[in-house]
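Student: okay, sequence plus prediction incoming.
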Amino acid sequence: MKKATYSPISAVWPGEPYPRGATWDGQGVNFALFTQHAHKVELCLFDESGRRELQRIELRDRTDDVWHCYLPEARPGLAYGYRVHGPYKPEEGHRFNPHKLLVDPYAKDLVGSLRWGDALYGYTVGGRREDLSFDRRDSAPLMPKSRVLETAFTWGEDRRPSIPWQDMVIYELNVRGFTMQHPEVPPQLRGTYAGLGCAPVIDHLRRLGVTTVELLPVHGFLNDRHLAERGLQNYWGYNTLTYFAPEMRYSASGKVKEFKTLVKTLHSAGIEVILDVVYNHSCEGNQLGPTLSMRGVDNASYYILNADQRRYYDDFTGCGNTVNLEHPRALQLVMDSLRYWVEEMHVDGFRFDLASALARESGRVENLGGFFDAIRQDPTLSRVKLIAEPWDLGHGGYQVGNFPLGWAEWNDRYRDGMRGFWKGDAGVTGEMALRLTGSQDLYGWSGKRPFASINFVTAHDGFNLEDLVSYNDKHNEANGEDNRDGSNHNVSWNCGAEGATDDAEVNALRARQKRNLLATLLLSQGVPMLLAGDERGHSQNGNNNAYCQDNALSWIDWSDTPERAALTRFVQRAIALRRRHPAFRRRSFFEGRVPEGQSAKDICWLRPDGDEMSSEDWNTDHVRCLAALVSGSALPDRGPRGETLRDDDFLLLLNAHHDAIPFQLPPSTAPWRVLLDTTKDDGAGETGKLEGAAYALPSRSLVLLGRENMGTPE
């Protein structure tokens, strides 16, 4: 068959400097690229596959350092890239090399995939002068190409679920790994956005009680060269190439609209979508990394360079570089990207990876810096869910509790406190109590509410729940780094055997410990976050850093066993309890006193003998058994119509001791009932009323008792 001949584009109009990127307006395409230090910009056009360069067009118009043109003959689907000319002076921070084709930082779609090779680098790899040398090989054959996108999509009656913070139950998942082994997802859709939107998957989320899914990175990302050369794959996706285009390896159709369809489907099921986003660094790495996009467009503007040696980067992320949000155009890139995902893709919020890096100004973390000011005043972004991973790897980067109003934070002190308590560590009972009640010490001082704390005991990074109770040490040999990678701080306990075992007693204890941790998470004040697969006992064989394991080690195992079914029912029961009772979803912190007009403290901590915990008790290392008496008549919150909220009273019994302990129940005119019991496979409590003043609390168990509140509301 004869190949179609290409008719070169002949009309080149000046165009406009905004919006950035390639924008189809129904008649033609406007191209706009910011670069402050370049002296020439070429737009390179390719065939549909992105393999063959067809034409180069010099952008002759420049407005406020934005180079632009308008091509009235261009249409959606056009593949393109840039070659940017300017000084190649790494010692001054400039790394322009027109031999390297560049992905548009504003690209909304990509065609093709990157193939690793030395031509991708602006310097001669292996040369004596390293990055001070200059490489003249053309990188285009190895590069993915940007593609002009037609953004039209029929959203119909799509509405954001707008779940109140205190009612959220977050479920963190990887788009690919969640459905790769799902037997009810058609094989051609497994591991894709379409697969995640399949009815059996949505049904699982709804039955579980999840309100919000948090997707590991779906921005277009690359597989690291060192992984590719070892036959491994970047599975988590924290290696961003473009902040606008969704990752195409997750698209069964190869179309951007597949992601939009997923969001629309989840919204119709009442489920929010939050994206885990990586704006702190890019995939271009340090001074020895490749030249793929921002480095070649304007290295000195987009990245934080070392003030004394501008050849090098200030790396606060551990990934070689840090995006420079002090520069207005880099800040604009991030803000435009965030708004795009909200306005065009309809997502409901973001979880910001290593968010402290976004706050750095002149190298210091300023939690009310320019980035946060920009979001706070933005009419779109100030209204979505904003969650910070409140640390980075630089000095002063640990900022738990210090992010601005309007932000929630991953609370790693919750994770470690709960792990330590149920492991039986000494001296952590007070820490556990602070975390269970919403971490007022971290968030109350600034006027935040309990839901500022995103509570979790497991996440993608670190042990999952099954491995947390099955391993004392990490086992990351499959990563090929001699088990040196991954955290050594796991606060884990194998319950008597390292890894899988046939010992029935060990397995029974592990199952109970999983229920203890899950129940504590779902009955704590704040926003609970579950890790996908934990409700099914998914194991990664002790690997606590499975970032490069795009295989069955990381993919959720959907095969059914009685144990998995029981654990899933337990999670369903605990989430339903949380949803049914506002006492576990308070918008205000406990005060530990009798509120005005009430007859009981809003919360009272009790010893096994029934007396209230004293200061001496809290400071005693060996205390591992206690209870929280929560009053349902002391709720300060109001309902959506201003109505007074009232709930039952609850007694949350916690015993992390290796022995059973008799617990004196507080005097009561109403009988106590068992609502949740972690000694039972599915957590089901007794149907009858408790008799007697003492409750035999089994070893390493959590029991929730409830009684009807006989008080009078305010």
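Tutor: Cool, got the structure.
Student: what mean pLDDT does stretch 126-142 get?
Tutor: Mean pLDDT, computed over stretch 126-142, is 97.
Student: convert the C-alpha atoms of that stretch to PDB, please.
Tutor: Output of stretch 126-142 as PDB, limited to C-alpha atoms (Å, rounded to 0.1, in the frame of the first residue of the first chain):
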ATOM      1  CA  GLY A 126      30.800   7.900  30.000                       C
ATOM      2  CA  GLY A 127      32.900  10.800  28.900                       C
ATOM      3  CA  ARG A 128      35.700  12.200  31.000                       C
ATOM      4  CA  ARG A 129      34.100  15.600  31.400                       C
ATOM      5  CA  GLU A 130      30.700  14.000  32.300                       C
ATOM      6  CA  ASP A 131      27.900  16.500  32.000                       C
ATOM      7  CA  LEU A 132      30.200  19.300  31.000                       C
ATOM      8  CA  SER A 133      30.500  17.600  27.600                       C
ATOM      9  CA  PHE A 134      28.000  18.200  24.800                       C
ATOM     10  CA  ASP A 135      26.200  15.400  22.900                       C
ATOM     11  CA  ARG A 136      25.000  15.900  19.300                       C
ATOM     12  CA  ARG A 137      23.100  12.700  18.700                       C
ATOM     13  CA  ASP A 138      19.400  13.200  17.900                       C
ATOM     14  CA  SER A 139      17.200  11.800  20.700                       C
ATOM     15  CA  ALA A 140      13.900  12.000  18.800                       C
ATOM     16  CA  PRO A 141      13.800   8.200  17.800                       C
ATOM     17  CA  LEU A 142      13.900   7.300  21.500                       C
END
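Student: so what touches that stretch?
Tutor: 44, 51, 53, 81, 88, 90-91, 95, 97, 99-101, 114-125, 287-288, 291, 311 (Cβ atoms under 8 Å, 6 or more residues apart in numbering). C-beta coordinates here come from the backbone N, C-alpha and C atoms, glycine included.
Student: what residues sit buried inside that stretch?
Tutor: Buried residues in stretch 126-142, counted by 16 or more other Cβ atoms under 10 Å: 131, 133, 135, 137, 139-140, 142.
Student: likewise stretch 606-614?
Tutor: Buried positions in stretch 606-614, judged by neighbour count with 16+ other Cβ under 10 Å: 606-608, 613.
Student: pull the most distant pair out of the residues you listed.
Tutor: Distance extremes for these: the farthest pair is 608 and 613 at 10.5 Å, using Cβ to Cβ.
Student: just to revisit the earlier point, out of the buried residues of stretch 606-614, which is nearest to residue 300?
Tutor: Nearest to residue 300 out of these is residue 613 (Cβ to Cβ; 58.2 Å).
Student: quick check: which ranges of the stretch 601-714 of the chain have low pLDDT?
Tutor: Scanning the stretch 601-714 of the chain for pLDDT under 70 picks out 687-688, 710-714.
Student: please, where are all the strands along it?
Tutor: 603-606, 625-630, 649-655, 661-664, 673-677, 694-697, 701-707 (DSSP state E, counting those that start in this stretch).
Student: name the helices or strands packed onto the first one?
Tutor: This means strand 603-606. For strand 603-606, the elements it packs on are strand 625-630, judged by 3 or more Cβ pairs under 8 Å, 6 or more residues apart in numbering; DSSP states H and E.
Student: what's in contact with the strand it packs on?
Tutor: With Cβ under 8 Å, 6+ apart as the test, strand 625-630 has contacts from 429, 433, 436-437, 583, 601-608, 613, 649-657, 661, 663, 666, 697.
Student: weed out the non-buried ones from those.
Tutor: With burial judged by 16+ other Cβ under 10 Å, the buried subset of those is 429, 433, 436-437, 583, 601-608, 613, 649-657, 661, 663, 666, 697.
Student: shouldn't residue 267 be within a strand?
Tutor: No: with DSSP: H, G, I helix; E, B strand; the rest coil as the criterion, residue 267 is located in helix rather than a strand.
Student: wait, residue 221 sits on residue 238?
Tutor: Yes: at 7.4 Å, residue 221 and residue 238 qualify as touching, with contact defined as Cβ atoms under 8 Å.
Student: just to revisit the earlier point, please list only the buried members of the contacts of stretch 126-142.
Tutor: 44, 53, 81, 88, 90, 95, 97, 99-101, 114, 116, 119-124, 287, 291, 311.
Student: for stretch 374-393, what is the distance to the chain centroid?
Tutor: Relative to its parent chain, stretch 374-393 has a centroid offset of 13 Å by Cα atoms, centre = their mean, to the nearest Å.
Student: spell out the secondary structure type for the spatially most central residue of the chain.
Tutor: The centre of the chain sits closest to residue 276, judged by Cα atoms, centre = their mean, with a distance of 3.8 Å. Following three-state DSSP, the label given to residue 276 is strand.
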